[in-house]
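[1] here is my input, please return the structure:
(one chain, ligands or ions: 2)
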Amino acid sequence: MAMAENKDFVLAVQISAQYRGATAISIPLPSAATDNCIDDENTIPSRFVLPPGRRPLSLPNTADVLRVSPEEVPVIDLAAASSYGSTRSIFLRQLYCACANWGIFHVYNHGVPEDLLSDLGLHVQKFLALPVALRGAQKLGNHAQGYGSGFVRLSTGTTEWRDFLRVYTYPLHRRHYEAWPPSPELRKVIERYSDEVRKLQINVLRLMSESLGLSAHRLEEMMGEMQQTILVNHYPPCPRPDLAIGIDTHTDVGAVSCLWQPDDVVGLQVLREGEWHPVSSARGALTIIVADQVQIASNGIFKSPLHRGVLNKDKNRVSILSFYQLNPEQLVSPLEDLISDSSPPMYQPTRFKDHEQAAKGPLSANAS
Ligand SMILES: O=C(O)CCC(=O)C(=O)O
Ligand SMILES: [Fe+2]
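    Ligands and ions are numbered 1, 2, ... in the order given. I've put the predicted structure just below:
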């Protein structure tokens, strides 16, 4: 079937391409953001300064600035997934609307134990309190695990103001423990958390599939064997949050992401209908983000939203993500069940590794 000539779709791709072509992987160490490289409290090194049109808090009369709206993202109670009859139908409809209109929503009754979350928060905090040299700093490549800092976005050449811990947790053979932090408590809690949050992500994917009117396993079958990555982002206070960015505008490339914001510092923003919306940390909730492969499989019905992390002048912010990724060779295409003469396919079948590569843009020369 011919590709759809859909104006909204064309626009979304253009927006994405403008922000993408982007994620590069040159990582200067030690951490530029945590290093004492600020001589004057009002200046930051030029590598962190975004070009004027891309700054998060530019003056409101700048033409290219998008307004920040106070409207909050939807909230879904997953307890209703185990109900029956019309209560369950209403629940599935709510989930469908959250995925189709926002692509991001908070979930309660998510099944991840509260004490596990507080243990995770505690051990992450201990890890981030260590001097940089003891966090296991090393030069990270595109697919490496461990602690690193300062991603450079090729589209702007700007270094992001964050450091991070990234580990692969599933399948088990992808865990390269030599790159993980040495603390046995932190390792253990990451493993326990990854098991629990993985169950949640699979559950959400099944419910999304049902909400599209498909069998519960249809989306999962399209995604193939899951690959899970846990990412801890740490955004240190920044003296010029108007000039720098914690994580630049992007969509998540995998199937479904789950975010936990352990503290009350708001930094995540999501773009919806031309406006940035803050995503606060709802106490007791986790936040689900629809990622690109679900947008493709759902033929654009569900949205993988553009989002970014803005900075704070005097507070640290931490976000902990679990990414549901795919095997690099996995081919994803719009599900046939969702294709008809009136809904032609909006995407070509794409291998996950090619999609990931296209989202990153060309690798920089000094990337490892
Ligand atoms: O820090 C956040 O809240 C979001 C981070 C994020 O979007 C990502 O790591 O992909
Ligand atoms: Fe993201």
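
[2] mind listing what the residue nearest to G213 when sequence neighbours are not counted touches?
    Once flanking residues are discounted, G213 sits nearest to D337: 7.8 Å by C-beta to C-beta, 6 or more residues apart in numbering. In short, each C-beta sits where N, CA and C put it, glycine included. By C-beta atoms under 8 Å, 6 or more residues apart in numbering, the contact set of D337 is 212-214, 218.

[3] among the residues you listed, which are in helices?
    Among these, the members found in helices (DSSP state H) are R218.

[4] which single one of the contacts of D337 is nearest to P181?
    R218 (37.9 Å; C-beta to C-beta).

[5] please list all residues in contact with R198.
    Each residue near R198 by C-beta under 8 Å, 6+ apart is listed here: 169-170, 226, 228, 322, 324.

[6] up against ligand 1, what does this protein have?
    Applying C-beta under 6 Å from any ligand atom, we find that the chain lies next to ligand 1 at 231, 233, 247, 252, 259, 267-268, 307, 309, 319, 321.

[7] just want the most central residue of the chain.
    The chain has D252 as the residue nearest its centroid, 4.8 Å off, counting by C-alpha atoms, centre = their mean.

[8] which among the residues of the chain next to ligand 1 count as buried?
    For the residues of the chain next to ligand 1, a burial check counting by 16 or more other C-beta atoms under 10 Å picks out 233, 247, 252, 259, 267-268, 307, 309, 319, 321.

[9] report the two of these separated the most.
    Farthest pair in those (C-beta to C-beta) is D252 and G267. Separation: 16.2 Å.

[10] my read: M222 touches S298, true?
    No: at 9.7 Å, M222 does not count as touching S298 under the criterion of C-beta atoms under 8 Å.

[11] neighbour count for the two, which is higher?
    Between M222 and S298, counted using other C-beta atoms under 10 Å, S298 has the larger neighbour count: 26 against 23.

[12] per-residue confidence for the more buried one?
    Confidence at S298, expressed as pLDDT, is 98.

[13] contacting residues around it?
    When contacts are counted by C-beta under 8 Å, 6+ apart, S298 touches 99, 208, 212, 219, 334-335, 338.

[14] turn those into CSV, including pLDDT and distance to V152.
    Listed next are those as CSV, based on pLDDT from 0 to 100; distance: C-beta to C-beta, whole Å:
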residue, pLDDT, distance to V152
C99, 98, 32
M208, 98, 34
L212, 98, 38
L219, 98, 34
P334, 97, 33
L335, 98, 36
L338, 98, 38
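
[15] just the buried residues of those.
    The neighbour count (16+ other C-beta under 10 Å) marks 99, 208, 212, 219, 334-335, 338 as buried among the contacts of S298.

[16] what's near enough to touch the residue nearest to S209 when sequence neighbours are not counted?
    Ranked by C-beta to C-beta, 6+ apart and with sequence neighbours excluded, the top spatial neighbour of S209 is L219, at 4.1 Å. L219 makes contact with 205-206, 208-209, 212, 255, 294, 297-298, 335, according to C-beta under 8 Å, 6+ apart.

[17] so which pair among the residues of the chain next to ligand 1 is furthest apart in space?
    Top of the distance list for these (C-beta to C-beta): D252 and G267, 16.2 Å.
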